[in-house]
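> I'll drop the sequence and a predicted model, then ask my questions.
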Amino acid sequence: MTILYMLLSSLEITDISEQELELIEPLESKFPIDKIKVTVCCQSSFICFRFYVLSSRYKWMTYKEAATARTAIGCGLIHHGILKGSCIALYFINRPEWLIVDHACAVYSLISVPLYDTLGPDAVKYIINHADLKAVFCMPLTLNSLLSILSEIPSLRLIVVVGGMENEVPLLPSSTSVQVVTYSQLLSQGRSNLHPFCQPKPDDVATVCYTSGTTGTPKGVVLTHGNLIANASGFTISVKFNLSDVYISNLPLAHIFERFDHISLAHFGVAVGFYQGDTMKLIDDFADKETPSKGVFCKSNFKHVCRAEYI
């Protein structure tokens with residue numbers, strides 16, 4: 001079981017539709033590790049966006065809204081024939097969609113495979129083939145490098161472009177078996193084809209984390225749902241957060257340490273903010289006078305900034 005399934009199963013839901021409610025099953029009687037229990041309200045802030053070219057105000061995404069998006073992404077993948085046990089790559093820098101896709105993998109028993117955004121085409125090709133990846137979520141900047149190696153990655157069935165516009169997505173020849181869609185298109189497809197959660201077991205594989213490849217061919221480490229929950233459970237014995245806390249995320253989510261942090265933060269209902277992508281500008285991220293109380297947001301041009309406090 002993963003923290004995301006726990007989040008949506010033990011969450012106190014007060015204003016969710018009957019259709020969404022049918023997708024949620026009780027957790028406590030089914031999972032042996034009970035030290036982690038999510039008690040946040042579904043209206044607590046989780047992630048949000050701000051596009052300067054449209055508005056100076058933040059558009060917040062609550063835990064409930066993130067949960068709804070998570071369900072739509074998971075159902076969108078099923079709509080494309082990507083079923084339980086398939087490996088899904090997250091090949092982009094930290095941003096709100098990263099968490100939502102990871103959570104979608106959790107509740108539909110898919111295996112997330114994070115890829116460092118700094119990996120070159122050879123390393124990406126190796127991991128896609130080695131992990132038998134069925135789908136890759138990427139940014140527009142990395143789309144072309146993926147398309148250039150399509151003939152060498154036969155397992156791939158779907159490429160989802162995060163932050164891309166529909167008119168920017170190329171039409172591939174009918175001879176290829178790979179489809180390219182935007183993140184927004186996948187959301188829409190999932191909302192129209194809802195499926196119940198596919199509950200993972202503690203011994204099911206949750207993620208395969210590959211090394212960055214600095215010492216040779218990337219090596220994959222297999223972690224189960226039980227592994228992740230056991231680590232987070234032990235962490236929460238001595239470390240506590242509050243609903244009012246905000247966490248700044250500057251380590252790559254492709255690194256298991258940052259992934260582990262986010263599991264624990266979701267348990268406590270903490271809001272997470274992403275830095276703008278440059279560690280030399282972290283102080284600037286904190287110094288912004290327009291700091292919101294909590295949450296995650298991004299600028300236009302897809303740079304991510306955290307406006308938060310040290311905790």
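Yes, it's here.
> Let me see the contact set for Phe268.
Val40, Thr236, Lys240, Phe241, Asn242, Leu243, Asp245 (Cβ atoms under 8 Å, 6 or more residues apart in numbering). In this view, the C-beta of every residue, glycine as well, is placed from N, C-alpha and C.
> So which of those are in strands?
Among those, no residue falls in strands (DSSP state E).
> who wins for neighbours among those?
Val40 (21 neighbours; other Cβ atoms under 10 Å).
> so of the contacts of Phe268, which ones are in helices?
Thr236 (DSSP state H).
> Make JSON lines out of the contacts of Phe268 and add pLDDT and distance to Val107.
Converted to JSON lines, the contacts of Phe268 look like this (pLDDT from 0 to 100; distance: Cβ to Cβ, whole Å):
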{"residue": "Val40", "pLDDT": "39", "distance to Val107": "17"}
{"residue": "Thr236", "pLDDT": "83", "distance to Val107": "21"}
{"residue": "Lys240", "pLDDT": "83", "distance to Val107": "26"}
{"residue": "Phe241", "pLDDT": "85", "distance to Val107": "23"}
{"residue": "Asn242", "pLDDT": "83", "distance to Val107": "26"}
{"residue": "Leu243", "pLDDT": "82", "distance to Val107": "23"}
{"residue": "Asp245", "pLDDT": "81", "distance to Val107": "25"}
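> Out of the contacts of Phe268, which is nearest to Leu150?
The shortest approach to Leu150 among the contacts of Phe268 belongs to Val40, at 41.6 Å (Cβ to Cβ).
> Make JSON lines from the contacts of Phe268 and add distance to Ile229 to it.
Putting the contacts of Phe268 into JSON lines (distance: Cβ to Cβ, whole Å) gives the following:
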{"residue": "Val40", "distance to Ile229": "17"}
{"residue": "Thr236", "distance to Ile229": "10"}
{"residue": "Lys240", "distance to Ile229": "18"}
{"residue": "Phe241", "distance to Ile229": "17"}
{"residue": "Asn242", "distance to Ile229": "22"}
{"residue": "Leu243", "distance to Ile229": "21"}
{"residue": "Asp245", "distance to Ile229": "21"}
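> closest to Ala106 among the contacts of Phe268?
Top of the list for closeness to Ala106, among those and by Cβ to Cβ, is Val40 at 16.6 Å.
> if I look at the residue nearest to Asp204 when sequence neighbours are not counted, how far off is Pro114?
Of all residues not flanking Asp204 in the chain, His225 sits nearest, at 5.6 Å (Cβ to Cβ, 6 or more residues apart in numbering). Applying Cβ to Cβ, to the nearest Å, the value for His225 to Pro114 is 16 Å.
> Pull the residues that contact stretch 152-163.
Residues outside stretch 152-163 that contact it (Cβ under 8 Å, 6+ apart): 77, 80-82, 92, 95, 97, 125, 128-129, 132-140, 143, 146-147, 150, 168-169, 177-183, 186, 302.
> Mind doing that once more with 7 Å?
80-82, 92, 97, 125, 128-129, 132-140, 143, 146, 169, 177-183, 186, 302 (Cβ atoms under 7 Å, 6 or more residues apart in numbering).
> May I see the buried residues of that stretch?
Neighbour counts using 16 or more other Cβ atoms under 10 Å place Ile153, Leu156, Arg157, Leu158, Ile159, Val160, Val161, Val162, Gly163 of stretch 152-163 among the buried residues.
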